[in-house]
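Peer 1: turn this into a structure:
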Amino acid sequence: MKNTLQDLEQNIKTLPENFYGQVNDFIDFLKHKHFKEKQYKASEWEDEDTKRMKYAQDYPQSLSTSDDDLEVGD
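Peer 2: Purely as a prediction, here's the structure:
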């Protein structure tokens with residue numbers, strides 16, 4: 001049976017929303033793996049996005065903020 005976008009969408013909708021990020025990251029991984037094998041040249045924004053995701057994975061504490069870290073503007 002061939003999977004369709006509708007099948008994927010329905011399957012994703014059964015997940016808790018906090019899993020959506022992991023699903024999206026896995027899709028990015030599959031694209032990267034597939035295109036890397038075909039000598040795909042990523043665009044500049046894809047390279048930057050990949051760097052940001054890698055940094056966030058390596059330094060998750062950099063994404064969290066506490067009320068003390070926030071500045072209040074005028």
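Peer 1: who are the contact partners of N24?
Peer 2: With C-beta atoms under 8 Å, 6 or more residues apart in numbering as the criterion, no residue contacts N24. Placement of C-beta: from N, CA and C, glycine included.
Peer 1: for the record, mean pLDDT for the helix ranked longest in the chain?
Peer 2: Assignment by DSSP state H gives helix 20-37 as the longest helix of the chain. Averaging pLDDT along helix 20-37 gives 86.
Peer 1: hey, where'd the strands end up in the protein?
Peer 2: Counting by DSSP state E, one finds no strands in the chain.
Peer 1: where's the residue nearest to the spatial centre of it relative to D58, distance?
Peer 2: For the chain, the residue nearest the mean C-alpha position is D25 (3.6 Å; C-alpha atoms, centre = their mean). Distance of D25 to D58, computed by C-beta to C-beta, to the nearest Å: 14 Å.
Peer 1: same thing with K13?
Peer 2: Taken as C-beta to C-beta, the span from K13 to D58 is 31 Å.
Peer 1: residues near F35, how many?
Peer 2: 13 (other C-beta atoms under 10 Å).
Peer 1: sorry, back to before: doesn't K54 make contact with the residue nearest to the centre of the chain?
Peer 2: No: using C-beta atoms under 8 Å, D25 makes no contact with K54, being 10.9 Å away.
Peer 1: ok, the residue nearest to the centre of the chain - contacts?
Peer 2: When contacts are counted by C-beta under 8 Å, 6+ apart, D25 touches M53.
Peer 1: then Y20?
Peer 2: I12.
Peer 1: relative to K13, how far out is it?
Peer 2: From Y20 to K13 the distance is 10 Å (C-beta to C-beta).
Peer 1: kindly report the same for Q6.
Peer 2: For Q6, the distance to K13 (C-beta to C-beta) stands at 11 Å.
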